[in-house]
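Trainee: Return atomic coordinates for the entry below.
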Amino acid sequence: MQRKYESMIVLAPTFSEDESKAESQKIHAMIEKYGGEIVETEEWGKKKLAYEIKKFQEGYFFIFYYLLDPAKVSELESNFTISENLIRYNILVKQ
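Mentor: Below you'll find the predicted structure:
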């Protein structure tokens, strides 16, 4: 049974706007690779960070709302962790 999840992804500001959108498509594909179904994606664009992360002051923000089997969350998180382009992410269960 799939559950609802929300992930905020912050990408490195070294990308152009088009490159950041291409990176968000890679994340979209990664979620689908694990059997997830994207419900909605919000693009917030380039924003100033509240504090420095990995020596960056800014980042491109995206929010993904998706359905995913809970057994696949750890695999998805492993891929988020090893991705060099993500400077911060979270995975939240939606009620």
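Trainee: most residues in a single strand of this structure, which one?
Mentor: When the chain is parsed with DSSP state E, its longest strand is strand 37-53.
Trainee: Against which helices or strands is that strand packed?
Mentor: Under the contact definition 3 or more C-beta pairs under 8 Å, 6 or more residues apart in numbering; DSSP states H and E, strand 37-53 sits against strand 3-11, helix 17-33, strand 56-68. Using the backbone N, CA and C atoms, a C-beta is placed for each residue, glycine as well.
Trainee: quick one: which of the ones you listed is nearest Ile82?
Mentor: helix 17-33 (11.1 Å; C-beta to C-beta).
Trainee: Now do that closest one against strand 37-53, angle only.
Mentor: 130 degrees (axes from the mean of the first three to the mean of the last three C-alpha atoms, to 10 degrees).
Trainee: Report the buried residues of helix 17-33.
Mentor: Of the residues in helix 17-33, 20, 23-24, 27-28, 30-31 count as buried by neighbour count, 16 or more other C-beta atoms under 10 Å.
Trainee: Kindly reformat the residues you listed as a markdown table containing distance to Lys94 and pLDDT.
Mentor: Below are the buried residues of helix 17-33 laid out as a markdown table (distance: C-beta to C-beta, whole Å; pLDDT from 0 to 100):
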| residue | distance to Lys94 | pLDDT |
| --- | --- | --- |
| Ser20 | 24 | 93 |
| Glu23 | 23 | 93 |
| Ser24 | 19 | 93 |
| Ile27 | 17 | 94 |
| His28 | 18 | 94 |
| Met30 | 19 | 93 |
| Ile31 | 14 | 94 |
